[in-house]
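Undergrad: 3D model of this:
(2 chains)
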Protein chains: 2
Amino acid sequence: MTLEGKLLIGQQAVEGSRVAIRAINPATNESLEPGYPGGTQADVERACELAWAAFDDYRHTSLEARAAFLEAVADEIESIGDDLIERAMVETGLPQARLLGERGRTCGQLRLFARTVRAGEWLDVRVDPALPDRQPLPRADLRQRHVALGPVAVFGASNFPLAFSVAGGDTASALAAGCPVIVKAHSAHPGTSELVGRALQAAVKKCGLPEGVFSLLFGSGREVGQALVKDSRIKAAGFTGSRSGGLALWQIAQSRPEPIPFYAEMSSINPVFLLPAALEARGQALGEAFVGSLNMGAGQFCTNPGLVIAVKGAALDAFMAAAAEAVEASAAQTMLTPGIFEAYEDGVVTLAGNDRVREVARGRKGEGPNQCRTGLFAASAQDFLASEALQAEVFGATSLVVECSGVAELAKVAECLEGQLTATLQMDDADLDAARALLPTLERKAGRILVNGWPTGVEVCDAMVHGGPFPATSDTRTTSVGSAAIFRFLRPVCYQDMPDALLPDVLKAHNPEGFERLVDGRREG
Amino acid sequence: MTLEGKLLIGQQAVEGSRVAIRAINPATNESLEPGYPGGTQADVERACELAWAAFDDYRHTSLEARAAFLEAVADEIESIGDDLIERAMVETGLPQARLLGERGRTCGQLRLFARTVRAGEWLDVRVDPALPDRQPLPRADLRQRHVALGPVAVFGASNFPLAFSVAGGDTASALAAGCPVIVKAHSAHPGTSELVGRALQAAVKKCGLPEGVFSLLFGSGREVGQALVKDSRIKAAGFTGSRSGGLALWQIAQSRPEPIPFYAEMSSINPVFLLPAALEARGQALGEAFVGSLNMGAGQFCTNPGLVIAVKGAALDAFMAAAAEAVEASAAQTMLTPGIFEAYEDGVVTLAGNDRVREVARGRKGEGPNQCRTGLFAASAQDFLASEALQAEVFGATSLVVECSGVAELAKVAECLEGQLTATLQMDDADLDAARALLPTLERKAGRILVNGWPTGVEVCDAMVHGGPFPATSDTRTTSVGSAAIFRFLRPVCYQDMPDALLPDVLKAHNPEGFERLVDGRREG
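TA: Model prediction:
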């Protein structure tokens, strides 16, 4: 498939007019063809106009039609075949197996949302029938359902070129909710973005939907990204990326005449607590497994274990020795972009240069460009508690072990943590009491709490929470992975004494679609 | 019951140290005893410290214990008896019948949330059991529930001294969610606030809850209110009041190092559309009924019908004539405070002075202080569309009729409206097509759409939405009235591979409390 290097605005392919973005193969530092001339505010304007024009029609599509569209997107992505994987490999430096898995996840995610749309739970239908004889006042007939917020801006993530990019989780959940989507592609993988964008464009056409349901813009964050978030027709946005980038756009979203929900998934160091009995019983195995998680995807996962917390002693020494050995044996890995590699190097230098921190082990040096060395560092809990800087995320395969004087200090470290996507407990039966004591703190700090696993690896399912208190995300009330992500793009509307002929089908008296409803406080359907 | 004029911080009654707030009887302009010396930042600090200390214990109370607490609050409020109604009458100028009704609503609301807590729907329990044999990767056991956000600040509203004040909807829904509450009392009704605050204090004690579950502060918005929203231990806030007041506090909430959800219910002019056939058939009756709604509570309802939109002609003339007659016969009513009365007078003068606006009728002049005259004004749709100022809320019993040249212009007016709490259609069967054409616009503009009713009167039930797009509220994804208000104070947490012994009861394998769950995508329980 030939890449054209154009913006996709509705069903059109439009030549940009700003300086061209070119992907760089991080394994070679070579720039890749074609160039993607950037969009302008006029392109944003046109995409928003189409999205707004499409909104009422799209949100009124039947649930079946909307689900079929999501499935068509998945089919179209799969039909691109190897071209997609190959382009993603050269644009991201990620290995083939990982990208094959990520494509599976992306299409699985679209199909999960198709099932979610059909099931209709997200409509949260509530019916309180009229009580004309109630004293002292009658009750009107009241019916509630959820409707789509409006056109949504999605910012592609660098670290998931498929699963959190053009047709990723934010796009799938917004489309599922009934919202048109305008994606600002991440500049690191424009070719991958174009391929997926054309798949989306084709699905829109095949399904006979209004063209404004989807557009894909390339260009500068400052021009295209900001204009998108400022546009009054955009009613919500999804973002995965850095804390500084997320907060800057979040600030714009809050400063609009009409502020909008801005879902930024930003930074998390994903603490792992090694509880005493588990550490004693299997410190060495834990050390090896931990480094396996740390190295996944060159450490470029939002849920990378960047912090390990344990009580000092022989058991922790065994863990450290095993982890150090595994780190030293770790091959260098190509990072996603030269910029991410540089930021990683800077982060490691800053950490290593902190006089409260000691280096435990470094991985092998790379031979090519942009190859990161795994890093393992340590600090005392006392120093960690005294220095906010030690909580800063180093995006990549580097982790800090915090050595505590006892379980009480471990609890203190837990309590001082910022909001996190995940918190992990490594524990045995004898650690139950210690775990139980930590749990209330971890519930306040994290969106997902794992036992005896590793935080990398985020299942796409109904029960997943990929979210958490600020600064892990900008809105702790939500998740960006899993079917509950649809709730981010919905709002409730109540219909009072509306004649059946006017009511949306899901609210009609005879419940033609058979959805479950909360009727007079009881579930029916 | 003797009023003490003190802050209620946990179980203590604390003398404030700033200038004393005194309620004013708006019917006489006399100031009422006792004075309420204002709190300081130190008082806010102490209340937040107690709330934070109480949080983990309170959110871990059993659902039965939490429900019983909400019921105990209702019982304690009822046991105050006539003292509460009498004090509220002199502080607000509202008539006895209205306050009796409002007390009933307040206690009914607390009991509705008790039922909601027990039913457990709000936990949104989701279980995706482990799939150890899944290919290519096994699935972990994943379980989700919702937990409380943290201590909540509540700002009492002037216009609902009981139902949206100390133990009103925000407080009830936050307590139901498991959040301790600190109320900043509205300075217009400190005595009413003290009485209800002491009822809450008594319920906390009787139920053996940690004292920090509830505190009540008096004082200046600038000192006490802002300090409350800024405190890092406050994790959400609820506010009902003016657009300027709401936005100022909202801005503070967003500017914190950790931004928090700030639920402000601000301003709405609640458009009423008189569709042609209904207007033709019963213009006179509609005119009379409309003025009944307009005059309710001296027009001081968030859902007061401040805008009427209809097509010009003889039928509208009949409506106008009947409405004008009813307005002219309307007795003056005492407003809640001298400040609200002044703002109303200013608003009416501004509206009347707008050269696009003509006066249709005014109500009778009052004889006492702070008595408002009902007002009815009119403007052409063309002028309305050209002047944003005509959308400004005049808080009180004044409404503007927008005269359209045809149904197409009526749709244009609908499309130009800001976000609203409600939108109302007066319609007959012959209006079905016109109504159907308007509906998509109204769904985008309002949280509740009524047919052949009047927006004043907000049922407290499962299906109610008292919310709507900005600027009606700061968060269109939520409602502040009805059982769904609990969702404002919750966030999801996912537990991965957690041993049954550590899981919260609602997530345990054998579902000991029998709550409904979404298990592998299907409802069970």
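Undergrad: what comes up buried for whichever strand or helix holds A:Ala47?
TA: Under the criterion DSSP states H and E, the helix or strand holding A:Ala47 is helix A:41-59. Residues of helix A:41-59 classed as buried by neighbour count (16 or more other CB atoms under 10 Å in any protein chain shown): A:43-44, A:46-48, A:50-56, A:58-59. Placement of C-beta: from N, CA and C, glycine included.
Undergrad: which ones, among those, also lie beside chain B?
TA: With the criterion set as CB under 8 Å from any CB of the partner chain, the members of the buried residues of helix A:41-59 near chain B are A:Asp56.
Undergrad: any idea which element A:Ala315 lies in?
TA: Once you assign secondary structure using DSSP H and E, A:Ala315 falls within helix A:314-328.
Undergrad: for that helix, what is the average pLDDT?
TA: Rounded to a whole number, the mean pLDDT of helix A:314-328 is 98.
Undergrad: how far off centre is the helix or strand following that helix?
TA: Beyond helix A:314-328 on the C-terminal side, the first helix or strand identified by DSSP H and E is strand A:333-334. Chain-centre distance of strand A:333-334: 22 Å, with CA atoms, centre = their mean, to the nearest Å.
Undergrad: going along the chain, name the helices of the stretch 301-450 of chain A.
TA: Under the criterion DSSP state H, counting those that start in this stretch, the stretch 301-450 of chain A carries helices at the ranges A:314-328, A:338-353, A:381-386, A:407-416, A:432-445.
Undergrad: out of those, the one nearest chain B is which?
TA: Ranking those by proximity to chain B (CB to the nearest CB) places helix A:432-445 first, at 4.6 Å.
Undergrad: who touches the closest one?
TA: With contacts defined as CB atoms under 8 Å, 6 or more residues apart in numbering or on different chains, helix A:432-445 is touched by A:273, A:275-276, A:407, A:410-411, A:414-415, A:417-420, A:423, A:425, A:427, A:449, A:451, A:468-469, B:56, B:60, B:147, B:150, B:493, B:499, B:501-502.
Undergrad: drop anything exposed from these.
TA: Buried members of the contacts of helix A:432-445, scored by 16+ other CB under 10 Å, are A:273, A:275-276, A:407, A:410-411, A:414, A:417-420, A:423, A:425, A:427, A:449, A:451, A:468-469, B:56, B:147, B:150, B:493, B:502.
Undergrad: show only the entries of those residues found in strands.
TA: Assigned to strands by DSSP state E, the following of these qualify: A:Phe273, A:Gln420, A:Ala423, A:Leu425, A:Ile449, A:Val451, B:Val147, B:Val493.
Undergrad: what bridges to the second one?
TA: Bridge pairing for A:Gln420 (DSSP bridges) gives the partners A:Ala446.
Undergrad: surely it and A:Ser267 touch.
TA: No. Because the distance of 9.2 Å does not satisfy CB atoms under 8 Å, A:Gln420 is recorded as not touching A:Ser267.
Undergrad: now do the shared contacts for these two.
TA: A shared contact of A:Gln420 and A:Ser267, defined by CB under 8 Å, 6+ apart, is any residue touching both; here these are A:Ala472.
Undergrad: check which helix or strand covers A:His175.
TA: Heads up, residue A:175 is Leu, not His. Going by DSSP H and E, A:Leu175 is in helix A:169-177.
Undergrad: what does the very next helix or strand once past that helix rub up against?
TA: Past helix A:169-177, further along toward the C-terminus, the next helix or strand under DSSP H and E is strand A:181-184. Applying CB under 8 Å, 6+ apart, the external contacts of strand A:181-184 come out as A:44, A:47-48, A:51, A:151-156, A:165-166, A:170-171, A:174-175, A:193, A:197, A:213-219, A:221, A:224-225, A:228, A:234.
Undergrad: neighbouring strands for strand A:181-184, and are they parallel or not?
TA: In its sheet, and by DSSP bridges, strand A:181-184 pairs with strand A:152-155 (parallel), strand A:214-217 (parallel).
Undergrad: so how far is the following helix or strand past it off the chain centroid?
TA: The element immediately downstream of strand A:181-184 (helix or strand, assigned by DSSP H and E) is helix A:190-206. Here the centre of helix A:190-206 is set off from its chain's centre by 20 Å, with CA atoms, centre = their mean.
Undergrad: what do you get for stretch A:292-302?
TA: Centroid displacement of stretch A:292-302 relative to its chain, using CA atoms, centre = their mean, is 15 Å.
Undergrad: same question, stretch A:133-151
TA: Centroid displacement of stretch A:133-151 relative to its chain, using CA atoms, centre = their mean, is 34 Å.
Undergrad: can you give me the end-to-end span of that stretch?
TA: Distance between the two ends of stretch A:133-151: 43 Å, counting by CA to CA, to the nearest Å.
Undergrad: contact residues of the stretch 1-150 of chain A facing chain B?
TA: Counting by CB under 8 Å from any CB, the residues of the stretch 1-150 of chain A close to chain B are A:56, A:60, A:101, A:115, A:119, A:121, A:124, A:126-128, A:136-137, A:139-140, A:142-144, A:147, A:149-150.
Undergrad: next one, pLDDT for the nearest residue to A:Arg256 once chain neighbours are set aside please.
TA: If you skip the residues right next to it in sequence, A:Arg256 has A:Lys230 as its closest partner in space, 6.3 Å away by CB to CB, 6 or more residues apart in numbering or on different chains. Turning to A:Lys230, the model gives it a pLDDT of 98.
Undergrad: leaving out the residues flanking it, which one is nearest to A:Met120?
TA: Not quite, residue A:120 is Gly, not Met. Nearest residue to A:Gly120, sequence neighbours excluded (CB to CB, 6+ apart): A:Phe515, at 4.3 Å.
Undergrad: that older thread, ok, residues contacting the helix holding A:Leu175?
TA: Everything outside helix A:169-177 that qualifies as a contact, by CB under 8 Å, 6+ apart, is A:66, A:69-70, A:73, A:109-110, A:113-114, A:116-117, A:122, A:148-149, A:152, A:154-155, A:163-164, A:181, A:183, A:200, A:213-214, A:236, A:238-240, A:263, A:460, A:480-481, A:485-486, A:488-490.
Undergrad: the inter-axis angle of it versus helix A:190-206?
TA: When axes from the mean of the first three to the mean of the last three CA atoms, to 10 degrees is applied, the directions of helix A:169-177 and helix A:190-206 differ by 10 degrees.
Undergrad: can I get helix A:169-177 in PDB? Just the C-alpha atoms.
TA: Extracted C-alpha coordinates of helix A:169-177, given in PDB (Å, rounded to 0.1, in the frame of the first residue of the first chain):
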ATOM      1  CA  GLY A 169      -8.800   2.700  23.000                       C
ATOM      2  CA  ASP A 170      -9.800   6.400  23.000                       C
ATOM      3  CA  THR A 171     -11.100   6.300  19.500                       C
ATOM      4  CA  ALA A 172     -12.900   3.000  19.900                       C
ATOM      5  CA  SER A 173     -14.600   4.100  23.100                       C
ATOM      6  CA  ALA A 174     -15.600   7.500  21.700                       C
ATOM      7  CA  LEU A 175     -17.000   6.000  18.500                       C
ATOM      8  CA  ALA A 176     -18.900   3.400  20.700                       C
ATOM      9  CA  ALA A 177     -20.500   6.200  22.700                       C
END
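Undergrad: okay then, goodbye and thanks.
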